[in-house]
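> Please find the sequence and the predicted model below.
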Amino acid sequence: MRELFVREENSQKTFIEVELDLDAEEYQELNPWLLSVFIKYNSLEQDEKYEEFLETKESLIISLGHNERAIYVGGRVVDGWSEFYFYSYDSKNLDKVVKKVLTPSNYMFESYIVRDTNWDFYKNELVPNELELHHMESLKIISLLEEEGDDLGVQRDVEHYISFLTPTQKDRFLDALDLKDFTLKDEISNDEFEHGVALVKKHSVTQSVVEDVVEKLFKKIKKEGGFYEGWSTTLVPKV
């Protein structure tokens, strides 16, 4: 399944698409060659050529994937270039396939093939980290709330769930947490959260606010060796 997210490093935003369902450990021995294809087109603009570009992109993925030769693992948009990445079981003639697909499109393009036996590029540059995964899940919840007519800007109680491997970690976290912003609702102990807590904070659920709250809480949780498990809230319909 292809997932989209934004990575921000040094005040620079990179828009990334990644195939998250891939088992890198399973494929990396069979597909050690990394093919990078760069097309001079900013797919973020979604101008009048966008649909044509998407058709070209899918043609490239299908052509390179013929007989399961090259696996599409994701892409990025960087400095006006759309980048696409594949892992293949060999390196022969991949550039010919790329040229055959892209030359008629009249896009400026480049392609490179290197050996990446451990799939380091996929793991380090495309796969979201733990915090990025939480932001992706938050966006899904926000989208569902929007579909139900939620007024995202209205503050309401939002529950945040945290788990720890040991009760000592949990106690240290609670002792260090500034509870003027959060209220401890429950200490949770069950099959899912053996040493967990549910905290409540009143805030809106716009993307920027949720990301800010989650990031600050995430740093405090990681300092004590815990795991952020997500959030939930109630629907606030628009008046």
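Cool, the structure landed.
> give me the number of residues near Leu139?
By the criterion of other CB atoms under 10 Å, Leu139 has 16 neighbours. For the C-beta atoms, the positions are set from N, CA and C on the backbone; glycine is no exception.
> That one touches Ser208, doesn't it?
No: when contacts are counted by CB atoms under 8 Å, Leu139 is not listed as touching Ser208 (11.5 Å).
> who's Arg156 bridged to?
Note on Arg156: beta-bridge partners His203, judged by DSSP bridges.
> and what of Phe38?
Taking DSSP bridges as the rule, Phe38 bridges to Glu83, Glu110.
> Show me where this protein has its strands.
Shown for the chain, the strands assigned by DSSP state E span residues 2-9, 12-19, 33-39, 70-78, 81-88, 109-115, 156-164, 183-188, 195-203, 227-233.
> So in this structure, where's the weakest helix or strand by average pLDDT?
Least confident helix or strand, the chain: helix 24-27 with a mean of 86, by mean pLDDT, DSSP states H and E.
> Just the residues contacting that one, thanks.
Ile71, Tyr87, Trp119, Tyr122, Lys123 (CB atoms under 8 Å, 6 or more residues apart in numbering).
> Residue ranges in this structure under the pLDDT threshold?
Along the chain, the parts satisfying pLDDT under 70 run over 179.
> Quick check: can you list the domain ranges of it?
2-126, 130-233 (automatic domain parsing).
> ends of the first one, how far apart?
From the first residue to the last, domain 2-126 extends over 11 Å; the measure is CA to CA, to the nearest Å.
> Now render the strands of the chain as TSV, adding mean neighbour count and distance to Glu26.
Output for the strands of the chain, formatted as TSV (neighbours: other CB atoms under 10 Å; distance: least, CB to CB, whole Å):
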stretch	mean neighbour count	distance to Glu26
strand 2-9	13	19
strand 12-19	17	13
strand 33-39	21	16
strand 70-78	21	11
strand 81-88	22	12
strand 109-115	14	18
strand 156-164	19	28
strand 183-188	14	34
strand 195-203	17	32
strand 227-233	17	25
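> Out of these, which is closest to Val98?
Nearest to Val98, of all those, is strand 109-115, at 4.7 Å by CB to CB.
> angle of that closest one against strand 33-39?
Strand 109-115 runs at 170 degrees relative to strand 33-39, counting by axes from the mean of the first three to the mean of the last three CA atoms, to 10 degrees.
> Which secondary structure elements does strand 109-115 sit against?
Under the contact criterion of 3 or more CB pairs under 8 Å, 6 or more residues apart in numbering; DSSP states H and E, strand 109-115 touches strand 33-39, helix 94-102.
> if you set the cut-off to 10 Å instead, what comes out?
In terms of contacts (3 or more CB pairs under 10 Å, 6 or more residues apart in numbering; DSSP states H and E), strand 109-115 is packed against strand 33-39, strand 81-88, helix 94-102.
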